[in-house]
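> task: produce atomic coordinates for the following.
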Amino acid sequence: MKNKITLLTCCLILVSTIAFTQKTVEASNIMKDIKAGKSISIKNATISGILDFTYMDEAMEKLPKRKKNSWWNGNSDNTVKKLIDVKISFTNCVFRNDVLAYIPDEDSGYTFIANFEDIAIFKDCKFERKAMFKYSRFERDSDFSGSSFDEDSTFKYAKFDRDISFSNTTFDEVATFKYAKFRKNVSFSNAVFKDSATFKYTQFNDGVSFKNTNFEEDLNIKYMKVSGDFNISNMKVAYDIDSKYTKINGRSFSKYLLEKK
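The predicted model follows:
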């Protein structure tokens, strides 16, 4: 009986070890699958290694050398775009290293950007390092709800063409959505911004919800434009709100607040 129990214990340990091992996925393998045209659907896993959607190293091999250029100025000659044309879905995953859809490479003078042609889901995920989606375009439904961003994150100049949610997200560091464009209604309800948040020049073409959103530092919505529903019920801002030139359905932010009282 003792030998049987020992054998059973060893089997359980082996199964547990295998299960634990299966929960870690190498970013390099994900990139290989994307390159091979395979859709990505990963749940309850830890992603190890830098996940570079721009494929910068691969693209660099085909690019001519050039002198160091000024910071990205919108010219197409120094911008290299990668189209991710398969479905990307991560649910309840932990990203140990950077997740990059934007890389400004000062040594080469090129800027590398990834756009997402298909569905892009990062739901209930934890970004422990940088999450860079600057200039990225999301052509189909996307979802970052329930996720947390431990370090720098940027969606500056990002474009969202379809449904998108940032509800229940947490941003530990400065978060910027400056110049971002949302064609569909987007929710930031119950989100927590622990550092400054920037929505300067952001465009919401079909409404936005900041219901129960908690801004623990400053909030910059200067020049922000909203068309459609603007839900700020129970929204909290700890310090200053910069709402200069903000337009809510053609009205200033202050007039909007007065009319809601």
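> all helices of the stretch 51-200 of the chain, in order?
Using DSSP state H, counting those that start in this stretch, the helices of the stretch 51-200 of the chain run over residues 56-60.
> give me the low-pLDDT residue ranges for it?
66-76 (pLDDT under 70).
> let's go with 90 and repeat that
Where the stretch 51-200 of the chain drops to pLDDT under 90, the residues are 62-77, 107, 152.
> pLDDT at Glu259, what is it?
Looking at Glu259, its pLDDT stands at 77.
> does it lie in a helix or a strand, and which?
helix 253-260 (DSSP states H and E).
> and that helix, what does it pack against?
On a contact count with 3 or more C-beta pairs under 8 Å, 6 or more residues apart in numbering; DSSP states H and E, helix 253-260 meets no helix or strand. The C-beta positions use only the backbone N, C-alpha and C, and glycine is treated the same way.
> which residues are contacting it?
Ile221, Phe230, Ile241, Ser243, Thr246, Lys247, Ile248, Asn249, Arg251 (C-beta atoms under 8 Å, 6 or more residues apart in numbering).
> of these, buried ones?
Burial by neighbour count, judged by 16 or more other C-beta atoms under 10 Å, picks out Ile221, Phe230, Ser243, Thr246, Lys247, Ile248 from these.
> tell me the confidence at the third one?
Predicted confidence (pLDDT) for Ser243: 97.
> setting the sequence-adjacent residues aside, check what's closest to it.
Setting aside the residues directly before and after it, Ser243 is nearest to Phe253 in space (C-beta to C-beta, 6 or more residues apart in numbering), at 3.8 Å.
> what of the last one?
If you skip the residues right next to it in sequence, Ile248 has Tyr256 as its closest partner in space, 4.3 Å away by C-beta to C-beta, 6+ apart.
> likewise Asp124?
Using C-beta to C-beta, 6+ apart, the nearest residue to Asp124 is Gly146, at 3.9 Å.
> tally up the residues packed near that neighbour, please.
20 (other C-beta atoms under 10 Å).
> cool, Ser227 as well?
15.
> what about it, distance to Ser153?
26 Å (C-beta to C-beta, to the nearest Å).
> same question, Arg162
Between Arg162 and Ser153 the distance is 21 Å, computed by C-beta to C-beta.
> how many neighbouring residues does Tyr239 have?
10.
> and it, what element?
Using DSSP H and E, Tyr239 is not contained in any helix or strand.
> surely it is in contact with Ala197?
No - counting by C-beta atoms under 8 Å, Tyr239 stays clear of Ala197, with 10.9 Å between them.
> identify the contacts common to these two.
In contact with both Tyr239 and Ala197: Glu217, Asp218, Leu219, using C-beta under 8 Å, 6+ apart.
> who wins on neighbours among these?
Using other C-beta under 10 Å as the neighbour criterion, Leu219 leads the shared contacts of Tyr239 and Ala197 with 23 neighbours.
> and it, what does it touch?
Phe193, Ser196, Ala197, Phe199, Val237, Tyr239, Asp240, Ile241, Asp242.
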